[in-house]
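[1] Pasting the sequence and the predicted coordinates here, then a few questions.
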Amino acid sequence: MIYMEFDFIMLFFESIYLQIDIFGSREGPLGSADPIIKGTIPSVLGIIGFSILLNLFNSAIRKKLVDQDKLRRITKETRAWQKERIAAFRNKDSAKQAELNKKSMYMNKLNMEMMQMNMRPMLITFVPLILMFYFVLPPLFSYTVAVSPISLNIIPGDFFQLTCTNEQIDGKICTEENEIYFWAWYFLSSIAFSGIIMKLTKTSMDIN
């Protein structure tokens with residue numbers, strides 16, 4: 001099992017919702033043909049600012065609702081058990097595997113508790129994030145805000161696209177290939193700053 005920061009996983013799922021018109025209020029990607037904030041640099045910096053503010057909000061809620069010491073203790077215990085289990089499997093140590101398997105039910109209970117602790121703040125922060133992206137940010141920014149030197153559409157298919165493709169160039173939403181959608185720039189900015197902010201606010205799951 002590969003451990004990842006829970007917030008990164010949530011950012012991924014939230015970014016999927018940002019592509020879907022769940023309110024039925026507009027067609028196509030989020031953004032405006034006549035945005036209030038114009039120009040690449042102001043747009044890029046503005047979205048970075050929003051991503052930092054929202055990450056600070058998430059961290060504040062997380063710090064308020066989650067017992068960080070308990071979460072780190074559970075994380076450390078489950079990672080240590082998983083590491084021992086992998087080592088025993090690689091060494092074909094049947095006795096050690098049997099010993100560790102006896103703790104499987106207990107470890108599943110800890111993992112469930114850890115998931116519930118992480119889900120609690122998300123239930124509060126998810127709705128404000130979605131509302132902001134559908135009613136606050138679209139009038140402020142254009143459909144695309146920057147240009148990437150390469151395509152960022154690394155996931156196969158058309159469902160999760162971060163940049164415009166050559167086929168999508170229409171002069172309205174996409175004007176050139178590899179332009180980055182404004183929601184995608186927020187997603188990338190959040191990934192870049194979330195770890196730093198979690199460390200500064202001491203809400204990181206890093207146990208080192």
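    Looks like it arrived, so ask away. Residues are numbered from 1 along each chain as shown.
[2] In this structure, what residue spans correspond to helices?
    With DSSP state H, the ranges of helices along the chain come out as 6-19, 40-65, 68-90, 94-101, 104-135, 137-140, 182-200.
[3] Please convert the ones you listed to CSV, extending it with distance to residue 29.
    For glycine as for every other residue, the C-beta is placed from the backbone atoms N, C-alpha and C. Formatted as CSV, the entries for those read as follows, by distance: least, Cβ to Cβ, whole Å:
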stretch, distance to residue 29
helix 6-19, 7
helix 40-65, 14
helix 68-90, 36
helix 94-101, 48
helix 104-135, 12
helix 137-140, 9
helix 182-200, 7
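[4] So which of these is nearest residue 33?
    helix 137-140 (10.6 Å; Cβ to Cβ).
[5] Output the contacting helices and strands for that closest one.
    If contacts are counted by 3 or more Cβ pairs under 8 Å, 6 or more residues apart in numbering; DSSP states H and E, helix 137-140 sits against helix 40-65.
[6] Counting by contacts, list what the helix it packs on packs against.
    Other helices and strands packing on helix 40-65, by 3+ Cβ pairs under 8 Å, 6+ apart, are helix 104-135, helix 137-140, strand 144-147, helix 182-200.
[7] show me what contacts the nearest residue to residue 81 once chain neighbours are set aside?
    Setting aside the residues directly before and after it, residue 81 is nearest to residue 107 in space (Cβ to Cβ, 6 or more residues apart in numbering), at 5.4 Å. Going by Cβ atoms under 8 Å, 6 or more residues apart in numbering, residue 107 touches 77-78, 81-82.
[8] How much space separates residue 107 from residue 156?
    Here residue 107 is placed at a distance of 34 Å from residue 156 (Cβ to Cβ, to the nearest Å).
[9] tell me the residue furthest from the middle of the chain?
    The outermost residue of the chain, judged by C-alpha distance from the chain's mean C-alpha position using Cα atoms, centre = their mean, is residue 95 at 39.7 Å.
[10] which regions of the chain lie under the pLDDT threshold?
    When the per-residue scores of the chain are filtered using pLDDT under 70, the ranges that remain are 1-28, 157, 159, 205-208.
[11] Check the burial of residue 189 by counting its neighbours.
    The burial count assigned to residue 189 is 20, neighbours taken as other Cβ atoms under 10 Å.
[12] and it, what does it touch?
    47-48, 51-52.
[13] what's the distance between it and residue 77?
    Residue 189 sits 33 Å away from residue 77, taking Cβ to Cβ as the criterion.
[14] Also residue 126?
    28 Å.
[15] same question, residue 176
    Relative to residue 77, residue 176 is positioned 51 Å away (Cβ to Cβ).
[16] The two: who's more crowded?
    For residue 176 against residue 77, the residue with the higher neighbour count under other Cβ under 10 Å is residue 77, and the figures read 16 against 11.
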